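how does the following fold in three dimensions:
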Amino acid sequence: MILDAKPNPSSKFTRLAQWCSVMTGRPISFSIAAGLIALWLITGPIFHFSDTWQLIINTSTTIITFLMVFLIQNSQNRDTQAIQIKLDELIRATVGAHVALLDLEKLSEEELSEIRSDYARLAELAREHLAQGGSDTDAPEIEHGRVK
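The predicted model follows:
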């Protein structure tokens with residue numbers, strides 16, 4: 001079974017990205033960043049608001065932002081993959097669920113649009129049924145792009 005397998009050790013980059021994500025997400029990190037900006041502002045008059053004084057904050061924030069983009073993207077990719085696997089497992093384990101919905105993220109935009117249309121039609125029918133005093137907890141079938 002897949003769950004019995006031992007997870008592979010993470011790459012150094014993944015471990016670094018996870019650590020940075022945890023550390024930068026803490027309130028103390030925000031406080032430190034705000035403190036550094038306040039310190040920079042306070043030193044403005046000391047350095048006569050010079051070009052070098054401005055360059056320090058501009059360069060620092062640009063470098064930090066540039067690096068954080070990659071760390072955030074790495075975290076989002078891992079989170080998205082984990083969520084997709086969990087959703088796939090819920091679909092797989094639900095009796096009567098359409099297993100063709102597994103791994104949808106690999107489909108083209110056109111294919112996704114067709115499936116989205118089917119579900120939009122289901123929602124429309126459910127709202128109509130609800131407006132007529134019925135329930136919206138039904139599980140109608142979808143077959144070959146048509147709601148049965």
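
so, low pLDDT: which residues of the protein?
Along the chain, segments meeting pLDDT under 70 span 1-10, 138-148.

can you map out the strands along it?
142-143, 146-147 (DSSP state E).

next, count neighbours for A17.
Number of residues near A17 (other CB atoms under 10 Å) recorded here: 20. C-betas here are computed from N, CA, C, even on glycine.

verify the stated contact: it with D79.
No: with contact defined as CB atoms under 8 Å, A17 does not count as touching D79 (11.4 Å).

where is the longest helix in the protein?
helix 51-93 (DSSP state H).

what is it packed up against?
helix 12-24, helix 27-42 (3 or more CB pairs under 8 Å, 6 or more residues apart in numbering; DSSP states H and E).

show me how this protein divides into domains.
11-97, 107-148 (automatic domain parsing).

run the chain-centre distance for the longest one.
Translated: domain 11-97. Domain 11-97 has its C-alpha centroid displaced from the chain centroid by 14 Å (CA atoms, centre = their mean, to the nearest Å).
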